[in-house]
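A.B. asks: Mind folding the following:
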Amino acid sequence: MKRLTLLLAYCLLASLYTSQSYAEVSRPYKLIDGKLAYQKYGNQEPVFLENAREQDFDIVYKGDKFSVAFSADHFYCNGSRLEQRFNPSEAVALGPFLVSGDLSYAYCQKTEHPINADTLEALNNPFFRDKDHVFTSTGQVLKGADPQKIRTQRAQAFDDHQYYFVAHTTIIRPYSSQVVFYDNCYGWASIDGELHFEGQQKPSTDDDSFRCLDPDTAIDKDTIYFFGEAKYQFSEPVKTSDVRQIQNSFFTDGKNIWYTRLAPMQLTGLDVERVAISGNEISDGKATWQCANIQTNDQPICQQTSETSKSLRSLLKKLRK
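C.D. replies: Coordinates of the predicted model:
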């Protein structure tokens, strides 16, 4: 269990300040036309702090997910005024959660169910748990999830009875025998012996030859998948156990070379034993391919070129020595 961060809150009385000794107002708070406002980023609309005043304003906690400020006998979470019974001496902060007694907030919004601060624990994103519930980072209770039995990976979880996917959507799927995560890539799991991506079954995927190449990319004997979508069909079945990373998004099975990002494709004319890579450029000294991180107007993401960059030519010379 990760250690909870005690909220170092304290009340600064207005009588301790004069108009010449105001506390400094710093990010993510600012003064706008003499009024205190919360504005973490410049492109966000400022949220003005109700009844806050400059002369006794102070930031008492600043975290990655939220900040807590004090003014005029009130505490504020980002731009929202907390309830009067909020007790800073009991408060703890963990990730997006702020908990004090029976008051619980996620990203400064009150949660539907109280959270037990003593047992609150961060799991793999976006999951948290206390002794009674499993929560997502927005504070929602994951319905039916057993906090004592839950096992999590990024965006995925399972307990003894159900599989859960939580990201842009939430999927809860009962299972009967087994859930297996693919630890080195996002979104893939075997549920009762069938491959799923983001909780949706992928019936056309060959389970026996399936493996992950990197967090974004997976393959089976017939296909390269990028974020779960079939993006490239091999001209003939590939022995996936032979596929290895050369560097970056360049992979080989010892005979062929593929670039696997976004719109995977085979790079022909390259000698696997003689290639060098600089950034997204690959060459064996005779053939050279330049690839991109983005695809434009349905153009191939890699282009064969007659020119080789100076850095890659230098690298090729070093390898030939």
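A.B. asks: what's the span of stretch 232-244 from first residue to last?
C.D. replies: Chord length of stretch 232-244, first to last residue, is 17 Å (CA to CA, to the nearest Å).
A.B. asks: Quick one: distance of that stretch to the chain centre.
C.D. replies: Remark: stretch 232-244 is offset 29 Å from the chain centroid, using CA atoms, centre = their mean, to the nearest Å.
A.B. asks: List the buried residues of that stretch.
C.D. replies: Within stretch 232-244, the residues that qualify as buried are 232, 234, 238, 240, 243, counting by 16 or more other CB atoms under 10 Å. (Glycine included, C-beta is placed from N, CA and C.)
A.B. asks: For the first one, list each beta-bridge partner.
C.D. replies: Pointing back at residue 232 there. In this entry, residue 232 is beta-bridged to residue 224, by DSSP bridges.
A.B. asks: any weak-confidence spans in the stretch 51-200 of the chain?
C.D. replies: Within the stretch 51-200 of the chain, no stretch has pLDDT under 70.
A.B. asks: if we go to 90?
C.D. replies: Applying pLDDT under 90 to the stretch 51-200 of the chain picks out residues 60, 87-90, 183-184.
A.B. asks: Relative to residue 45, which of the buried residues of stretch 232-244 is nearest.
C.D. replies: Within those, proximity to residue 45 (CB to CB) peaks at residue 232, which comes in at 43.2 Å.
A.B. asks: tell me the SS of residue 303?
C.D. replies: strand (DSSP: H, G, I helix; E, B strand; the rest coil).
A.B. asks: and the most centrally placed residue in the chain, how far is that from residue 113?
C.D. replies: Closest residue to the average C-alpha location of the chain: residue 125 at 6.9 Å, with CA atoms, centre = their mean. Distance of residue 125 to residue 113, given as CB to CB, to the nearest Å: 20 Å.
A.B. asks: hmm, back to that, can you list phi and psi of the closest residue to the residue nearest to the centre of the chain other than its chain neighbours for me?
C.D. replies: Once flanking residues are discounted, residue 125 sits nearest to residue 154: 5.8 Å by CB to CB, 6 or more residues apart in numbering. Per-residue torsions, residue 154: phi -50, psi 120 (degrees, to the nearest 10).
A.B. asks: burial count for the nearest residue to residue 26 once chain neighbours are set aside?
C.D. replies: Spatial nearest neighbour of residue 26, chain neighbours left out: residue 59 (6.7 Å); criterion: CB to CB, 6+ apart. Neighbour count of residue 59, defined by other CB atoms under 10 Å: 18.
A.B. asks: repeat for residue 86
C.D. replies: For residue 86, the neighbour count with other CB under 10 Å is 20.
A.B. asks: now residue 293
C.D. replies: Neighbour tally, residue 293, other CB under 10 Å: 11.
A.B. asks: Am I right that residue 125 is in contact with residue 156?
C.D. replies: No - using CB atoms under 8 Å, residue 125 makes no contact with residue 156, being 10.4 Å away.
A.B. asks: So what's the residue count around residue 255?
C.D. replies: The local packing of residue 255 (other CB under 10 Å) involves 8 other residues.
A.B. asks: Need the nearest residue in space to it, chain neighbours excluded.
C.D. replies: Excluding the flanking residues, the one nearest residue 255 by CB to CB, 6+ apart is residue 272, at 6.6 Å.
A.B. asks: still on that earlier bit, residue contacts, the residue nearest to residue 26?
C.D. replies: Contact partners of residue 59, counting by CB atoms under 8 Å, 6 or more residues apart in numbering, are 26, 29, 67-69.
A.B. asks: and of those, the nearest to residue 222?
C.D. replies: Set against residue 222, the nearest of those by CB to CB is residue 67 (50.8 Å).
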